[in-house]
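> Fold the following, please.
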Amino acid sequence: MQAILSVAFPIFALVGAGWLGGRLRLLGPHGTVALNGFVTWFALPAMLFGALARVKLGEIVNLPFIAVFGGSMLATYLVGMLAARLVARPNGGRAGLAHMSLHGLAASFGNVGYMGIPLCIAAFGPAGALPATLAVVLGAAGLMTLALVVVEFGGANRSPSRRVALRRVAIAVGRSPIVQAVALGMLVSAFALPVPAPLTHFIDLLAAAAGPCALFAIGHFLSEQGVGGDRREVLLATLGKVVLQPALALALLAVVPPMPPMWWKSALLLAALPSAANCFVLAREYDRFVAGASATILLSTVASVATISVLVVVLRIG
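Below is the predicted model of the structure:
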């Protein structure tokens, strides 16, 4: 109980505060957009850059962690695609590649940036940002890129050629502030470049706002979204995210080389996170699985209150 109060409760209390603020319309009609913009373009990149610039690359490139977290994420994405193919009937027909990819993404792409980083820091201290940052890299530069490629090749944007689709994907990934911050942080780390003290203090101040603002933004976003979409799809995507992915991560832990406790515990916690808001943004952009993505985010977030709390107790965190 003490672990839940000290680690899990503050996280979900901030999400609840955001939900209440959204329901009361305290931030106006564009509150979610403004909060997401601040976190996405300023606070979260500062946190990721700061976390990477301060460590050697060898400290963050943890191959067993990559196998456990990345493997469980990729496997869940593929299972989510298959589930959509079997049960989804968009417009009365079978789901195409674009719909399948977006369903698989909602079932596997966790809220690592907004929720996972502050959760790991709360659980393990500043060092907890390392596995969470690596998870962000795997998700943003790995799974998100793969999902975008599948959506584009699925014909969602009706591009005239595959080359055009690939160029659009490359531009979208390259423009991501998260990808840019990760790349710059890795560059500074690789070459041991000094960061001036005033700039370091600025980055630290900005990064400190990432966790609270991101968690508040999640709650605010959820307050604006209703539960829609095909119930079977939403249920399968939610189960995939909060049950299947952490179960697969646990199974993979048995076959990879041993890791320090912080790393393997982080792998399980991060695998159990709810679906990220990015899934809804991408679904809306391509006009596929929009209501389902929104409902999956809402239901998986509610379900993760129980699953993450159980993990915190079982793993003896806090």
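> got any ranges where the stretch 101-250 of the chain has weak pLDDT?
For the stretch 101-250 of the chain, applying pLDDT under 70 flags the ranges 155-163, 165-166, 168-169, 172-173, 225-228.
> all strands of it, in order?
For the stretch 101-250 of the chain, strands defined by DSSP state E, counting those that start in this stretch do not occur.
> Where do the helices of the stretch 1-150 of the chain begin and end?
Using DSSP state H, counting those that start in this stretch, the helices found in the stretch 1-150 of the chain span residues 2-3, 9-23, 31-38, 44-53, 57-60, 63-65, 71-87, 97-108, 117-124, 129-137, 144-153.
> which one of these has the most crowded surroundings?
Counting by mean count of other CB atoms under 10 Å, helix 97-108 has the highest mean neighbour count of the helices of the stretch 1-150 of the chain, with a mean of 29. The way it works is simple: take the backbone N, C-alpha and C, and place the C-beta from them, glycine included.
> so that one versus helix 144-153, what angle?
Angle, helix 97-108 to helix 144-153, by axes from the mean of the first three to the mean of the last three CA atoms, to 10 degrees: 160 degrees.
> packing partners for helix 97-108?
Where contact means 3 or more CB pairs under 8 Å, 6 or more residues apart in numbering; DSSP states H and E, helix 97-108 is packed against helix 71-87, helix 144-153, helix 231-239, helix 277-286, helix 290-314.
> can you redo those as TSV with distance to Pro246?
TSV is the format used below for the helices and strands packed on helix 97-108 (distance: least, CB to CB, whole Å):
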stretch	distance to Pro246
helix 71-87	7
helix 144-153	20
helix 231-239	11
helix 277-286	18
helix 290-314	7
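> between those, which one is nearest to Ala53?
The minimum distance between Ala53 and those falls on helix 144-153, with 22.7 Å, by CB to CB.
> Thought Leu48 was touching Ile203, still the case?
No - contact between Ile203 and Leu48 fails when scored by CB atoms under 8 Å: they sit 10.2 Å apart.
> about what we covered before: closest one to Ala210 among the helices of the stretch 1-150 of the chain?
For Ala210, the closest of those is helix 44-53, at 4.3 Å, according to CB to CB.
> quick check: angle from the closest one to helix 129-137?
If you take the same axes, to 10 degrees, helix 44-53 sits at 120 degrees to helix 129-137.
> how close does the residue nearest to Glu59 when sequence neighbours are not counted get to Val290?
Sequence neighbours aside, Leu130 is the residue nearest to Glu59 in space, at 6.6 Å (criterion: CB to CB, 6 or more residues apart in numbering). Per CB to CB, to the nearest Å, Leu130 is found 35 Å from Val290.
> Over to Ala306?
Counting by CB to CB, the gap from Ala306 to Val290 is 27 Å.
> swap in Ser266?
Distance of Ser266 to Val290, computed by CB to CB: 32 Å.
> of those two, who's got more company?
More neighbours surround Ser266 than the other of Ser266 and Val290, with 31 against 17 (other CB atoms under 10 Å).
> close enough to count as contact, that one and Gly125?
No - assessed by CB under 8 Å, Ser266 is found out of contact with Gly125, at 11.8 Å.
> show me the contacts for the closest residue to Gly96 other than its chain neighbours.
Counting by CB to CB, 6+ apart, Gly96 lies nearest to Gly154, which is 5.5 Å off, once chain neighbours are set aside. Residues near Gly154 by CB atoms under 8 Å, 6 or more residues apart in numbering: 96-101.
> if you set the cut-off to 7 Å instead, what comes out?
For Gly154, the contact set (CB atoms under 7 Å, 6 or more residues apart in numbering) comprises 96-98, 101.
> Among those residues, which one lies nearest to Phe65?
Ser101 (25.1 Å).
> Pull the contacting residues for the closest one.
81, 147, 150-151, 154.
> Dump these into a markdown table; add distance to Gly70 as well.
Formatted as a markdown table, the contacts of Ser101 follow (distance: CB to CB, whole Å):
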| residue | distance to Gly70 |
| --- | --- |
| Met81 | 17 |
| Ala147 | 14 |
| Val150 | 17 |
| Val151 | 20 |
| Gly154 | 23 |
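> And those, which is closest to Phe9?
Nearest to Phe9 among these, with distances taken as CB to CB, is Ala147, at 32.5 Å.
> Report the separation between that closest one and Ala95.
Noted for Ala147: a distance of 14 Å to Ala95, by CB to CB.
> do Ala190 as well
Remark: distance between Ala190 and Ala95 (CB to CB) = 42 Å.
> Between the two, tell me which one has more neighbours.
Ala95 (25 against 11).
> Might one say that the more buried one is in contact with Leu86?
No - Ala95 sits out of contact with Leu86 when judged by CB atoms under 7 Å, with a separation of 8.7 Å.
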